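[1] Dropping a prediction and its sequence here:
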Amino acid sequence: MAGHELDSSVSSRISFTHDNYSTLLNVFKETHEEANRLALSNNRVKGLNNWLENKVKHLEEELLNLKTDFESLDMIYKNSSCNCSENNKVKICETCGVLQKKVNYLPKTVSKFTVGTASLNALLGSEN
């Protein structure tokens with residue numbers, strides 16, 4: 001009789017364990033699938049973050065180059081000894097022509113930089 005009681009006790013434990021196992025297996029599968037989705041999402045965000053960091057580095061280098069260009073233009077302007085005048089219909093010297101090209105170039109460059117900064121800020125804002 002004791003052997004029979006032991007068999008029914010073991011049998012109920014086995015079915016109880018089997019139910020728990022099935023439940024745990026299903027929960028594990030769901031958790032694993034969610035972890036895979038999060039890993040993919042995380043990889044995409046990391047890729048975007050790397051791209052944005054490279055873009056920021058590029059823009060910082062461009063800004064530094066533009067500052068250097070501006071400073072060199074400022075030095076050229078301060079050191080130029082040009083006395084020509086368009087109003088007096090005097091021939092414009094070479095220095096004035098170079099400076100005029102630089103003046104025309106700067107607003108375009110600043111405009112591009114401003115648009116790039118606005119785009120970068122929008123991307124960084126959407127990341128958060």
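    Sure, I can see it. Numbers count the residues shown, from 1 in each chain.
[2] Which neighbouring elements make contact with the host helix or strand of residue 101?
    Remark: residue 101 resides in helix 94-127, with elements defined by DSSP states H and E. Based on contacts counted as 3 or more CB pairs under 8 Å, 6 or more residues apart in numbering; DSSP states H and E, the elements that helix 94-127 packs against are helix 2-79. Every residue, glycine included, has its C-beta placed from N, CA and C.
[3] quick one: the least confident helix or strand in the chain by mean pLDDT to helix 2-79, angle?
    Counting by mean pLDDT, DSSP states H and E, the chain has its least confident helix or strand at helix 94-127, which shows a mean of 78. Using axes from the mean of the first three to the mean of the last three CA atoms, to 10 degrees, one finds that helix 94-127 and helix 2-79 are set 160 degrees apart in direction.
[4] Buried residues in helix 94-127, which are they?
    99, 102 (16 or more other CB atoms under 10 Å).
[5] center of the protein - which residue?
    The central residue of the chain, meaning the one whose C-alpha is nearest the mean C-alpha position (CA atoms, centre = their mean), is residue 52 at 1.8 Å.
[6] For residue 66, see how far away that residue is.
    Taking CB to CB, to the nearest Å as the measure, residue 52 falls 20 Å from residue 66.
[7] Likewise for residue 105?
    Plainly put, residue 105 is 10 Å away from residue 66 if you go by CB to CB.
[8] next one: residue 18
    Taking CB to CB, one finds residue 18 at 71 Å from residue 66.
[9] just residue 113 next, same as before
    Note on residue 113: its distance to residue 66, by CB to CB, is 7 Å.
[10] re earlier: between residue 18 and residue 66, who's got more neighbours?
    Neighbour tally, residue 18 and residue 66, criterion other CB atoms under 10 Å: the higher count belongs to residue 66, 15 against 10.
[11] what's that one in contact with, if anything?
    109-110, 113 (CB atoms under 8 Å, 6 or more residues apart in numbering).
[12] And it, what's its pLDDT?
    At residue 66, the predicted lDDT confidence score is 82.
[13] do the one 10 residues further on as well
    As summarised for this prediction, residue 76 has a pLDDT of 68.
[14] re earlier: please report the confidence value the model assigns to the residue nearest to the centre of the chain.
    Looking at residue 52, the pLDDT reads 89.
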